[in-house]
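1. please work out how this folds:
(2 chains)
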Number of protein chains: 2
Amino acid sequence: MAIKLHGHPFSAATHRVIACLEEKGLQYEFLHIDLSTGQHKKEPFISLNPFGQVPALEDGDLKVFESRAITQYLAYTYADKGTPLVPQDLKETAIVYVWMEVESQKFDAAAAKLSFELVTKPMLGMITDDSVVEEHQEKLGKVLDVYESRLAGSKYLGGEAFSLADLHHLPIVSYLFGTKTKALFDARPHVSRWCADILARPAWQKVVEMMKH
Amino acid sequence: MAIKLHGHPFSAATHRVIACLEEKGLQYEFLHIDLSTGQHKKEPFISLNPFGQVPALEDGDLKVFESRAITQYLAYTYADKGTPLVPQDLKETAIVYVWMEVESQKFDAAAAKLSFELVTKPMLGMITDDSVVEEHQEKLGKVLDVYESRLAGSKYLGGEAFSLADLHHLPIVSYLFGTKTKALFDARPHVSRWCADILARPAWQKVVEMMKH
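-> Numbers count the residues shown, from 1 in each chain, chains lettered A, B, ... in the order given. Sure, this is the predicted structure:
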């Protein structure tokens, strides 16, 4: 049975999963969940994700939600297809886990808030809260200082190869590059080099193309 | 070479890793990082975790930080020792990943804030912000409603066996059980049964004993 991705074209978490599917070169069917009518809060979607949030993925009889759980499932299940996104060696994998957790616990905590204030709110006609932006830009700057040191000695966050630890950043980095927060990335040469590298990946470019339609 | 855990006896993230080491029956050396003198913000600790937070783990020449990355490393590297904490089957693993992500993205977002307001602040002589407590109790209640449904049909979050998806909850559940937030857990019978089960595990009881000293 084919892979089915239930998502929304403007959802960062949906973009994270599409980037992974494209890196793996997997065929999938995209099912558009209409957030404007609350389709994500009703059956049948709510049976795919009881939290009522996109995306959710079906692979045969398996149902998975949470974007970072979906990417891990795909990376391990389709290990032999497309780009390897997790190492084989357990010690190398441990370092990839560390930076996946850093993305989730540190980067996303600051960056997703900025993306909400600077991208989502204007899109919905809501007013950006400048004090929230300032507070989270300061937090993000501190996180990026650690990234700058890490990326001075390592091509990617998880090591010398692109991995899920990098891929998970793409949707929010891409959104923030359309805002004044881009300056935080530009001010750090190794972070800047890394962003340019991962944003240029053909799999990510497919996500960008999809967003234009 | 032996495993070295750098942590603090009151740190929830440190407890998460100790619970994992005890489930695995692994020998380790505990190195107390003195947070009161800022030992976690200086060398040599800062080389173990550039974010300057406990815990960090050394296993031979491997250095790992972020508690949930450490537990995954231990679960896979010592798969044949003690309690299995991740399934072998990839589809079963996917479901464990889902609930690990739910803990990190949904449960912890609400529960760690409550633990800070109701446990950490009083311990440090700071004033609890009741409006923050109310807001996050409402958020946690909604998360626990989903847990209640899940645990009505499954012994543990990740399936019929205890796994990292359950273990990751232990430190914050344990802290919140000493506060008024316990009522949110008590009000949900399946959640309540699950909490009693995981808190009674001998590995967790060792963490509780350690906190008494």
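
2. is it correct that residue A:159 is in contact with residue A:93?
-> No. Applying C-beta atoms under 8 Å, one finds residue A:159 not in contact with residue A:93, separated by 9.8 Å. Just so you know, the C-beta spots here come from the backbone N, C-alpha and C atoms, and that holds for glycine as well.

3. now the common contact residues for the two.
-> Common neighbours of residue A:159 and residue A:93, using C-beta atoms under 8 Å, 6 or more residues apart in numbering or on different chains, are residue A:87.

4. the two: which has the busier surroundings?
-> residue A:93 (21 against 17; other C-beta atoms under 10 Å in any protein chain shown).

5. find the nearest non-adjacent residue to the more buried one, please.
-> residue A:87 (5.0 Å; C-beta to C-beta, 6 or more residues apart in numbering or on different chains).

6. what's around that neighbour, how many residues?
-> 16.

7. gap between the top helix by length along chain A and the chain center?
-> Looking across chain A with DSSP state H, the single longest helix is helix A:130-152. Its chain's C-alpha centre and that of helix A:130-152 lie 17 Å apart, by C-alpha atoms, centre = their mean, to the nearest Å.

8. same question for stretch A:46-56.
-> 17 Å.

9. now swap in stretch A:71-78 and tell me
-> For stretch A:71-78, the distance to the chain centre is 15 Å (C-alpha atoms, centre = their mean).

10. near chain B, which residues of chain A?
-> Within chain A, the residues that sit near chain B (C-beta under 8 Å from any C-beta of the partner chain) are A:50-51, A:62, A:64-66, A:68-69, A:72-73, A:76-77, A:90-91, A:93-95, A:97-98, A:100-102, A:104-106, A:146, A:149-150.

11. for residue A:174, pull up the helix or strand it's in.
-> With secondary structure defined by DSSP states H and E, residue A:174 is part of helix A:170-176.

12. could you pull out the buried residues of that helix?
-> A:170-176 (16 or more other C-beta atoms under 10 Å in any protein chain shown).

13. the residues you listed: which two are farthest apart?
-> A:170 and A:176 (11.0 Å; C-beta to C-beta).

14. can you give me the end-to-end span of stretch A:98-109?
-> Terminal residues of stretch A:98-109 lie 16 Å apart, using C-alpha to C-alpha, to the nearest Å.

15. which positions in it come out as buried?
-> Buried, per 16+ other C-beta under 10 Å, within stretch A:98-109: A:98-108.

16. ok, so of these, who is nearest residue B:129?
-> Once C-beta to C-beta is applied, the member of the buried residues of stretch A:98-109 that ends up nearest residue B:129 is residue A:105, at 22.5 Å.

17. re earlier: the residue nearest to residue A:93 contacts residue A:96, correct?
-> Yes. Contact status for residue A:87 versus residue A:96: in contact at 6.2 Å, counting by C-beta under 8 Å.

18. which neighbours do these two share?
-> Joint contacts of residue A:87 and residue A:96 (C-beta under 8 Å, 6+ apart) are A:158-159, A:163.

19. mind putting these into TSV with pLDDT and secondary structure?
-> Shown next, in TSV, are the shared contacts of residue A:87 and residue A:96 (pLDDT from 0 to 100; DSSP: H, G, I helix; E, B strand; the rest coil):
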residue	pLDDT	secondary structure
A:158	98	coil
A:159	97	strand
A:163	98	coil
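
20. domains of chain A?
-> Per automatic domain parsing, the structural domains of chain A span A:3-84, A:90-205.

21. how far does the first one sit from its chain's centre?
-> Looking back up the chat, that one is domain A:3-84. Per C-alpha atoms, centre = their mean, the centroid offset for domain A:3-84 relative to its chain is 12 Å.

22. and the last one, by the same measure?
-> A distance of 9 Å separates the C-alpha centroid of domain A:90-205 from that of its chain, computed with C-alpha atoms, centre = their mean.

23. end-to-end on that domain?
-> 31 Å.

24. then the shortest one?
-> Counting by C-alpha to C-alpha, the length from the leading to the trailing residue of domain A:3-84 is 19 Å.

25. can you map out the helices along chain A?
-> A:12-23, A:45-48, A:67-77, A:90-102, A:108-115, A:121-123, A:130-152, A:164-167, A:170-176, A:182-186, A:189-199, A:202-212.

26. for the second one, name the packing helices and strands.
-> What that stands for is helix A:45-48. Secondary-structure packing of helix A:45-48 (3 or more C-beta pairs under 8 Å, 6 or more residues apart in numbering or on different chains; DSSP states H and E): strand A:56-59, strand A:62-65.

27. would you mark the buried spots in it?
-> Buried-residue list, helix A:45-48, by 16+ other C-beta under 10 Å: A:45, A:48.

28. just the mean pLDDT for that helix, thanks.
-> The pLDDT scores in helix A:45-48 average 95.

29. contacts for that helix, please.
-> A:6, A:33, A:39-40, A:52, A:56, A:58, A:63, A:65.

30. how many residues are close by residue A:127?
-> 8.

31. what's near enough to touch it?
-> Counting by C-beta under 8 Å, 6+ apart, residue A:127 has contacts residue A:121.

32. any idea how far it is from residue A:180?
-> Distance of residue A:127 to residue A:180, given as C-beta to C-beta, to the nearest Å: 16 Å.

33. one more: residue A:55?
-> Distance from residue A:55 to residue A:180, by C-beta to C-beta: 28 Å.

34. likewise residue A:64?
-> Relative to residue A:180, residue A:64 is positioned 36 Å away (C-beta to C-beta).

35. so which of those two has more stuff around it?
-> Taking neighbours as other C-beta under 10 Å, residue A:64 and residue A:180 compare with residue A:64 leading, 25 against 11.

36. need the pLDDT of the more buried one.
-> For residue A:64, pLDDT reads 98.

37. and for the one 10 residues further on?
-> As summarised for this prediction, residue A:74 has a pLDDT of 98.

38. that one touches residue A:26, doesn't it?
-> Yes. Residue A:74 is within contact range of residue A:26, at 7.1 Å (criterion: C-beta under 8 Å).

39. more neighbours: these two, which one.
-> residue A:74 (26 against 17).

40. give the contact list for residue A:172.
-> Residue A:172 neighbours (C-beta under 8 Å, 6+ apart): A:12, A:107-108, A:111-112, A:115.

41. what sits closest to residue A:25 if chain neighbours are left out?
-> Nearest to residue A:25 is residue A:82, by C-beta to C-beta, 6+ apart, at 3.9 Å.

42. isn't the one you found right up against residue A:24?
-> Yes. Residue A:82 is within contact range of residue A:24, at 3.9 Å (criterion: C-beta under 8 Å).
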